[in-house]
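*Asks:* Below is the sequence, then the predicted model.
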Amino acid sequence: MSVVQGTTEKLVDELDWPATRLRVENLRTAFVVDGRPREVVSGVSFDLLPGECVAIVGESGSGKSVTARSLVGLAGTNAIVHADALEIHHEDVRTFTPRQWRRIRGRDIGFVLQDALVSLDPLRPVGAEIAEALRLHKWGDRAARAQRVLHLLTRVGVPLPELRAKQRPDQLSGGLRQRALIASAIALDPDIVIADEPTTALDVTVQAQVLAQLEEMKRRGASIILISHDLSVVAQLADQILVMRGGVVLEQGTAAEVLGSPRHEYTKALIAAVPSEATRGKALSPGTIEAATDAQPPAEVAAPVLEATGLVKRFHTRDGSVTRAVDGVSFTLSAGETLGIVGESGSGKSTTARLALGLESLDGGEVRLLGQAWSVLPERRRRTLRPRISVVYQDPLSSFDPRWNVERILVDALRGERFTSAAARRERVLELLDLVGLTPEVLNRFPLRLSGGQRQRVAIARALAPRPSVIVLDEAVSALDVTIQAQILDLLVALQRETGVSYLFISHDLGVISHLSDRVLVMKDGVVVEEGRPDDIFRHPAHPYTRDLIASIPEFDPASFVGSPIEKD
């Protein structure tokens, strides 16, 4: 194997690679609960070849992340891992001690986790963290490690590597943090890289940058295990795909076979649930919300329920400078309409949402709600209007009081409404549950006892409780699995048809925006750079920034895989 001095970079066409880098046969993982083992991964088998990507897809709880951790001895102290075969570079690792695992982790296997802010040490510069991985494996002296760090940051596309190496994770954007985490994982050029949801919740342009780094690793000959629930990402990178549910592999094969000619109904449901421009007006989860299949555009003559004119919001930074987070933003939202606001992190879209909600003070401009003054009023005078505008956040768990069960959460949301009796109030609570497709069984459950989809449905029920005219949804589906996301999007469409509520929908996911929105605002650096109907924005973008956003969307067309072999670089 050729080695370039100082970089240890490998090329994909080397002839002396072993035929198989990782062999897994009948992997089973159980966790001891109340003294008894409970199996959560059952019978996973695959081989991983040089320059190949094996993707493991499925919803939360499917066992895909546990599978990845079991492969490298990180399943946990209460885990029981068995396999008929588990070989890395033809070495049997089933009986490895922690010391033996430390020897190969980092050197032979790199691990890229989803949340770089949590995964990186918040108290030290990212350069020091990358250098630590080199030091632990006795790679070079201090000067050589410093140069290697700069080379790695450059290699993963980090601009100004000398500056970024000295910065802590909280001083970097999400994309820079994720790339720094990749640099740390590949510091010793491991032959195998495990990437666990490496692009979830990233902006589309940052996601494209991270995917480009993973593709470059494949080109250099690295073998990648990709854990993801995003089929658009999987379609771009994977050669082989395992579809998991409930710890079991339901379907397995080449990307062409699984995406182009899926056999299992669950795989078909995953593919059908991917939102895009082509799915607008159609149900993403057929049979769940049938009303979503024939959604009609709102009437053009509908009176605005929310009006924003010339919104300005400034923030003072630590160095004394002033940033215009929102700079002259204007829009109207009509009754029964969905207005999507899209842009990267830092574009000002969430600040715009908070200004619309009256949760931030304005430095300029005005917001009017239902034709009445809103932003200029003191909070005590807003109280009579506040039930008319609600919000659903990305993470409902953090917005709930963990001590309250579902019934108390919804009863609290109804505190401004008068009822003739407790029975009448409970009837309204049950009506809200029915609206969002939940049964009375969840009333006594606490947020931690609910699934992600159930929590988001409760959050929507809470938002609907005061009978609002406007609901602001700030990244409300970005953290959900694709099938749960599909159910929530179908639910939102059906609720809008039934109640006439208007949505201000904030997202970085262009597929979701194009599926749900009647009109779209594109924001960059606090400014609206383009506005229009989805067909115009996504098919004929006028602004260069919009064109860059759309070009960054991972293409996913299942029909393109039918009968088409996946070509390797």
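*Replies:* Cool, got the structure. Owing to the predicted nature of the structure, the values given are computational and were not obtained by experimental measurement.

*Asks:* Any buried residues in stretch 140-150, and which?
*Replies:* Buried residues in stretch 140-150, defined by neighbour count with 16 or more other C-beta atoms under 10 Å: 145, 146, 148, 149, 150. The way it works is simple: take the backbone N, C-alpha and C, and place the C-beta from them, glycine included.

*Asks:* what is the mean pLDDT for that stretch?
*Replies:* Stretch 140-150 comes out with an average pLDDT of 94.

*Asks:* just how off-centre is it within its chain?
*Replies:* Put simply, stretch 140-150 sits 34 Å off its chain's centre (C-alpha atoms, centre = their mean, to the nearest Å).

*Asks:* Residue numbering should commence at 18 henceforth.
*Replies:* Sure, I'll start numbering at 18, so the last one becomes stretch 157-167.

*Asks:* contact partners of it?
*Replies:* With contact meaning C-beta atoms under 8 Å, 6 or more residues apart in numbering, stretch 157-167 is reached by 23, 144, 147, 148, 151, 152, 156, 178, 179, 182, 200, 204.

*Asks:* Go again with 10 Å.
*Replies:* Here stretch 157-167 makes contact (C-beta atoms under 10 Å, 6 or more residues apart in numbering) with 23-25, 142-152, 156, 175, 178-179, 181-182, 197, 200-201, 204-205.

*Asks:* Narrow those residues to those that are buried.
*Replies:* In the contacts of stretch 157-167, burial by neighbour count holds for 142-151, 156, 175, 178, 181-182, 197, 200-201, 204-205, counting by 16+ other C-beta under 10 Å.

*Asks:* just the strands in the stretch 268-417 of the chain please.
*Replies:* Assigned by DSSP state E, counting those that start in this stretch, the stretch 268-417 of the chain shows strands spanning 321-333, 339-351, 355-359, 381-386, 389-390, 406-409.

*Asks:* Counting by contacts, list what the last one packs against.
*Replies:* If you count contacts as 3 or more C-beta pairs under 10 Å, 6 or more residues apart in numbering; DSSP states H and E, strand 406-409 packs onto helix 366-374, helix 469-481, strand 487-491, strand 519-524.

*Asks:* Of those, flag the one that's most buried.
*Replies:* Ranked by average neighbour count under the criterion mean count of other C-beta atoms under 10 Å, the helices and strands packed on strand 406-409 are headed by strand 519-524 at a mean of 25.

*Asks:* and that one with strand 355-359, angle?
*Replies:* 20 degrees (axes from the mean of the first three to the mean of the last three C-alpha atoms, to 10 degrees).

*Asks:* I'd like the next helix or strand past strand 519-524.
*Replies:* Counting by DSSP states H and E, the next helix or strand C-terminal to strand 519-524 is helix 527-533.

*Asks:* Would you report which members of the buried residues of stretch 157-167 are assigned to strands?
*Replies:* Among the buried residues of stretch 157-167, no residue falls in strands (DSSP state E).

*Asks:* any chance of these in TSV, with distance to residue 518 too?
*Replies:* Formatted as TSV, these follow (distance: C-beta to C-beta, whole Å):
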residue	distance to residue 518
162	57
163	57
165	55
166	52
167	52
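
*Asks:* quick one: average confidence on stretch 102-112?
*Replies:* Mean pLDDT, computed over stretch 102-112, is 94.

*Asks:* Endpoints of it, how far apart?
*Replies:* Stretch 102-112 stretches 11 Å from its first residue to its last (C-alpha to C-alpha, to the nearest Å).

*Asks:* Any buried residues in that stretch, and which?
*Replies:* The neighbour-count check on stretch 102-112 (16+ other C-beta under 10 Å) flags 103, 104, 105, 106, 110 as buried.

*Asks:* what two of the buried residues of stretch 157-167 have the greatest distance between them?
*Replies:* 162 and 167 (10.0 Å; C-beta to C-beta).

*Asks:* Need the pLDDT of the residue lying closest to residue 551 once chain neighbours are set aside.
*Replies:* Nearest residue to residue 551, sequence neighbours excluded (C-beta to C-beta, 6 or more residues apart in numbering): residue 531, at 4.9 Å. pLDDT, the model's per-residue confidence, is 91 for residue 531.

*Asks:* What is the host helix or strand of residue 442 packed up against?
*Replies:* Using DSSP H and E, residue 442 falls within helix 439-452. Judged by 3+ C-beta pairs under 10 Å, 6+ apart, helix 439-452 is in contact with helix 423-430, helix 469-481, helix 499-516.

*Asks:* Make JSON lines from those and add distance to residue 457 and mean pLDDT to it.
*Replies:* Shown next, in JSON lines, are these (distance: least, C-beta to C-beta, whole Å; pLDDT from 0 to 100):
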{"stretch": "helix 423-430", "distance to residue 457": "9", "mean pLDDT": "95"}
{"stretch": "helix 469-481", "distance to residue 457": "12", "mean pLDDT": "90"}
{"stretch": "helix 499-516", "distance to residue 457": "18", "mean pLDDT": "89"}
